[in-house]
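Peer 1: Pasting the sequence and the predicted coordinates here, then a few questions.
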Amino acid sequence: DTAVSQTPKYLVTQMGNDKSIKCEQNLGHDTMYWYKQDSKKFLKIMFSYNNKELIINETVPNRFSPKSPDKAHLNLHINSLELGDSAVYFCASSADLGEKLFFGSGTQLSVL
Amino acid sequence: GIQVEQSPPDLILQEGANSTLRCNFSDSVNNLQWFHQNPWGQLINLFYIPSGTKQNGRLSATTVATERYSLLYISSSQTTDSGVYFCAVRNSGYALNFGKGTSLLVTP
């Protein structure tokens, strides 16, 4: 069973569209994250939820909105997609804040 | 914020060789983790090591927190070790800050 799973794996879309990426973890962890990896492989935190509460909200355009319906799920919705949003988005989880981090397999987003 | 520098940026090894990857950080940390991103993009957590030494098979890691560095040792490298190795640290707040990585290629 996959510990942290995210869907879709690939997402190709046109500028201006709205899209969502879903993430689920079956590890029983309290904390979930979204990271963005750019074309140079640099990983940067976007958001973090702990027990469904938003605790990290880095400098990210407000077109990006995370939603955590429960501790096991953290989805990312992106409005009005732009070319610069093209990247790999990784979901991750940890037992608690600052604990060992486990990543999903990533979603390659391409905005045309 | 805390700065994380990894060296070398790129490394090519022949199978069977040993290597040491370094992570320097600019401030004290309470959390340090090493990750391997394989050529298919999967990120695997190798070590959670804010201080001390740990070993896992052919890999080991040492963090000297007082001197603000961590080392990842790869012994008897295999082609499956290829990929990018990331160091990530945290000193305050909740987020891990990642270095730019060391890209490793192990040739047969």
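Peer 2: Nice, thanks for sending it over.

Peer 1: per-residue pLDDT, the closest residue to residue A:56 other than its chain neighbours?
Peer 2: Among residues not flanking residue A:56 along the chain, residue A:48 sits closest, at 3.6 Å (CB to CB, 6 or more residues apart in numbering or on different chains). Where you see a C-beta, it was placed from the backbone N, CA and C, and this is true even at glycine. For residue A:48, the pLDDT comes out at 91.

Peer 1: Is it correct that residue A:48 is in contact with residue B:93?
Peer 2: No. With contacts counted by CB atoms under 8 Å, residue A:48 stays clear of residue B:93, the gap being 9.8 Å.

Peer 1: what stretches of chain A score poorly on pLDDT?
Peer 2: Residue ranges of chain A with pLDDT under 70: A:1-2.

Peer 1: and it, which residues reach chain B?
Peer 2: When proximity is defined as CB under 8 Å from any CB of the partner chain, chain A approaches chain B at A:40-45, A:48, A:50, A:55-56, A:58, A:88, A:90, A:92, A:97-103, A:105-106, A:108.

Peer 1: in chain A, which residue is closest to the centre?
Peer 2: Taking CA atoms, centre = their mean, the centroid of chain A lies closest to residue A:34, which sits 3.3 Å from it.

Peer 1: Residue A:48 and residue B:93: which is more packed in?
Peer 2: Higher neighbour count among residue A:48 and residue B:93: residue A:48, with 27 against 15, using other CB atoms under 10 Å in any protein chain shown.

Peer 1: Enumerate every residue touching the more buried one.
Peer 2: Neighbouring residues of residue A:48 by CB atoms under 8 Å, 6 or more residues apart in numbering or on different chains: A:31-34, A:54-56, A:97, B:94-95.

Peer 1: follow-up on the earlier one: shared neighbours of residue A:48 and residue B:93, which are they?
Peer 2: Shared contacts of residue A:48 and residue B:93 (CB under 8 Å, 6+ apart): residue A:56.

Peer 1: What parts of chain B come near chain A?
Peer 2: With CB under 8 Å from any CB as the criterion, chain B comes near chain A at residues B:30-31, B:33, B:35, B:37, B:41-45, B:48, B:84, B:86, B:88, B:90, B:93-98, B:100-101.

Peer 1: the helices in chain B, which residues?
Peer 2: Assigned by DSSP state H, chain B shows no helices.

Peer 1: Quick check: phi and psi on the residue lying closest to residue A:63 once chain neighbours are set aside?
Peer 2: Closest residue to residue A:63 apart from its sequence neighbours, by CB to CB, 6+ apart: residue A:79 at 4.5 Å. Dihedral pair for residue A:79: phi -100, psi 150, per degrees, to the nearest 10.

Peer 1: I'd say residue A:57 and residue A:47 touch.
Peer 2: Yes. Contact criterion CB under 8 Å: residue A:57 and residue A:47 qualify, at 5.8 Å.
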